[in-house]
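K.L.:
sequence and computational prediction follow.
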Amino acid sequence: RDPSYVAYVLVVTFMFCGQFAFISGSSFVLIQGLGVAPAVYGFCFAAVAVGIMTGSFVTSRLAGRVPGDRLIMVGTGLGATAGLVMALLAWSGVTGVAAIIAPMFFFSLGLGLANPSAVAGAVAPYPHMAGLAAAGLGVIQMSGSALYGITVGHLSDGTAGPMAIAIASA
């Protein structure tokens, strides 16, 4: 019931919702919609993973020098901007691998910046029940993300639109 805990949990949850939207929809969009070869799709997916790793690496180097809430604001701002760019490209009919992967790289970079600090912010105030705080965060994060991913899968039409809208709304 702590508003601070809830806010941190929502950051983690919605950033992962955007990631799960990509996981759920990208194969349909890239392979079926744009005709990307499955092997090339793997490289596209790897580029997005590099975004998360880069953001997490940067966060690990800045932790202690830059407040966690500032990293969260930068990460969520980057994620929101990237999601909106992807949605605007999809809405305007701009198609292609770069129109999906480039914004998603930056969304994932934002996830890597925001989520470690958000998890720490959610759990740190509760050292006497850190396991419970982490478990509550995990259940909400994964349940919300799974529902988000399922929704994207059901709305998928082979275009980037549904996936991009889901990422932007996350």
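P.N.:
Yes, it's here.
K.L.:
ok, now which residue in this structure is the farthest from the centroid?
P.N.:
Residue farthest from the centre of the chain, counting by C-alpha atoms, centre = their mean, is residue 128 at 29.7 Å.
K.L.:
from residue 96, how far off is it?
P.N.:
Remark: distance between residue 128 and residue 96 (C-beta to C-beta, to the nearest Å) = 52 Å. (C-beta placed from N, C-alpha, C; glycine too.)
K.L.:
buried ones in the helix or strand where residue 150 lies?
P.N.:
For residue 150, the element it lies in under DSSP states H and E is helix 130-155. Residues of helix 130-155 classed as buried: 133, 136, 137, 140, 141, 144, 145, 148, 149, 151, 152, 153 (neighbour count, 16 or more other C-beta atoms under 10 Å).
K.L.:
what sits against the third one?
P.N.:
Taking C-beta atoms under 8 Å, 6 or more residues apart in numbering as the definition of contact, the neighbours of residue 137 are 8, 9, 12, 119, 122, 123.
K.L.:
give me the phi and psi for residue 66.
P.N.:
Per-residue torsions, residue 66: phi -120, psi 130 (degrees, to the nearest 10).
K.L.:
count the neighbours of it for me.
P.N.:
When neighbours are defined as other C-beta atoms under 10 Å, residue 66 has 15 of them.
K.L.:
from residue 41, how far off is it?
P.N.:
Applying C-beta to C-beta to residue 66 and residue 41 gives a distance of 35 Å.
K.L.:
would you mind writing the CA trace of stretch 116-136 as PDB?
P.N.:
Extracted C-alpha coordinates of stretch 116-136, given in PDB (Å, rounded to 0.1, in the frame of the first residue of the first chain):
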ATOM      1  CA  PRO A 116      17.600  -1.700 -11.800                       C
ATOM      2  CA  SER A 117      17.000   1.600  -9.900                       C
ATOM      3  CA  ALA A 118      13.200   1.000  -9.800                       C
ATOM      4  CA  VAL A 119      13.700  -2.500  -8.300                       C
ATOM      5  CA  ALA A 120      16.200  -1.200  -5.800                       C
ATOM      6  CA  GLY A 121      13.700   1.700  -4.900                       C
ATOM      7  CA  ALA A 122      10.900  -0.800  -4.400                       C
ATOM      8  CA  VAL A 123      12.800  -3.300  -2.200                       C
ATOM      9  CA  ALA A 124      15.400  -1.200  -0.300                       C
ATOM     10  CA  PRO A 125      12.900   0.500   2.200                       C
ATOM     11  CA  TYR A 126      11.900  -3.000   3.400                       C
ATOM     12  CA  PRO A 127      15.000  -4.800   4.600                       C
ATOM     13  CA  HIS A 128      13.000  -6.800   7.100                       C
ATOM     14  CA  MET A 129      10.800  -8.200   4.300                       C
ATOM     15  CA  ALA A 130      12.900  -7.700   1.200                       C
ATOM     16  CA  GLY A 131      11.900 -11.100  -0.100                       C
ATOM     17  CA  LEU A 132       8.200 -10.300   0.100                       C
ATOM     18  CA  ALA A 133       8.700  -6.900  -1.500                       C
ATOM     19  CA  ALA A 134      10.700  -8.500  -4.400                       C
ATOM     20  CA  ALA A 135       8.200 -11.300  -4.800                       C
ATOM     21  CA  GLY A 136       5.300  -8.900  -5.000                       C
END
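K.L.:
thanks a lot, catch you later.
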